[in-house]
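> structure for this input, please:
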Amino acid sequence: MRPPGFGGIGGGFGIGALAAGLMVFTGVGFIAVIVASVVATIAGSFGFGMLNSDGLKETIKGKVIEIGFQKFNESMDKNKLPAKLDEIIGSVFENRVESASRVIAQAIALYENLLEQQEKAHNETLEQREAEKMWIYQKRQELEQVQNELEVILSKCTYDSKN
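So this is what the prediction gives:
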């Protein structure tokens with residue numbers, strides 16, 4: 001009894017899709033992948049009922065996967081991989097640093113603007129306090145003058161009343 005699953009022609013198409021994927025990602029030759037896809041499809045169709053041999057089907061699947069990974073490993077240049085990874089990591093890191101720098105520059109500009117506004121408000125407050133001090137000083141002088149004039153008037157009145 002076979003376990004439920006996606007077998008037969010569908011399984012063959014799955015292996016064919018795997019082979020096509022390997023071709024796209026690894027650059028394995030087009031003819032080799034087509035041959036592997038056809039073999040996988042035929043192997044899948046055997047499982048559909050023409051040949052009910054699960055061992056043969058599994059052997060073919062294993063061989064196709066093995067060859068695919070072998071081609072993948074052959075196509076990858078092991079000397080260039082670290083350099084490529086360094087390049088990708090460097091690029092990502094550089095982009096992050098640039099983004100962070102922009103955000104920091106914007107924050108600095110915002111804080112400088114706030115500091116300027118606070119300094120302006122502080123200076124306006126100081127100017128206002130100085131103006132108030134001057135007004136109070138003027139009023140004090142006016143009151144002292146009025147007080148002096150009252151003293152003069154009172155002293156005249158007192159002098160006149162004695163005489």
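
> ok, K71 - how many residues close by?
Using other Cβ atoms under 10 Å, K71 has 20 other residues around it. All C-beta spots, glycine's among them, are computed from the backbone N, C-alpha and C.

> same question for I67.
The number of residues packed near I67 is 17, by other Cβ under 10 Å.

> report the mean per-residue pLDDT for the host helix or strand of it.
Applying DSSP states H and E as the criterion places I67 in helix 54-75. Mean pLDDT, computed over helix 54-75, is 76.

> counting by contacts, list what it packs against.
Counting by 3 or more Cβ pairs under 8 Å, 6 or more residues apart in numbering; DSSP states H and E, the packing neighbours recorded for helix 54-75 are helix 8-26, helix 30-45.

> worst average pLDDT in those helices?
Ranked by mean pLDDT, those end with helix 8-26 at the bottom, a mean of 51.

> longest helix of the protein?
Among all segments of the chain classified by DSSP state H, the helix with the greatest residue count is helix 80-162.

> which secondary structure elements does that one contact?
Contact analysis of helix 80-162 by 3+ Cβ pairs under 8 Å, 6+ apart lists no helix or strand as a packing neighbour.

> still on that earlier bit, could you export the helix holding I67 as PDB, CA atoms only?
Output of helix 54-75 as PDB, limited to C-alpha atoms (Å, rounded to 0.1, in the frame of the first residue of the first chain):
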ATOM      1  CA  ASP A  54       8.900   2.600  -5.600                       C
ATOM      2  CA  GLY A  55      12.500   1.600  -5.300                       C
ATOM      3  CA  LEU A  56      13.300   2.600  -8.900                       C
ATOM      4  CA  LYS A  57      11.400   5.900  -8.500                       C
ATOM      5  CA  GLU A  58      13.200   6.800  -5.300                       C
ATOM      6  CA  THR A  59      16.600   5.900  -6.900                       C
ATOM      7  CA  ILE A  60      15.900   8.100  -9.900                       C
ATOM      8  CA  LYS A  61      14.700  11.000  -7.600                       C
ATOM      9  CA  GLY A  62      17.800  10.600  -5.500                       C
ATOM     10  CA  LYS A  63      20.100  10.600  -8.500                       C
ATOM     11  CA  VAL A  64      18.500  13.700 -10.000                       C
ATOM     12  CA  ILE A  65      18.800  15.500  -6.700                       C
ATOM     13  CA  GLU A  66      22.400  14.400  -6.300                       C
ATOM     14  CA  ILE A  67      23.300  15.500  -9.800                       C
ATOM     15  CA  GLY A  68      21.600  18.800  -9.200                       C
ATOM     16  CA  PHE A  69      23.500  19.500  -6.000                       C
ATOM     17  CA  GLN A  70      26.700  18.400  -7.700                       C
ATOM     18  CA  LYS A  71      26.200  20.800 -10.500                       C
ATOM     19  CA  PHE A  72      25.300  23.500  -8.000                       C
ATOM     20  CA  ASN A  73      28.500  23.000  -6.100                       C
ATOM     21  CA  GLU A  74      30.500  22.900  -9.400                       C
ATOM     22  CA  SER A  75      29.000  26.100 -10.600                       C
END
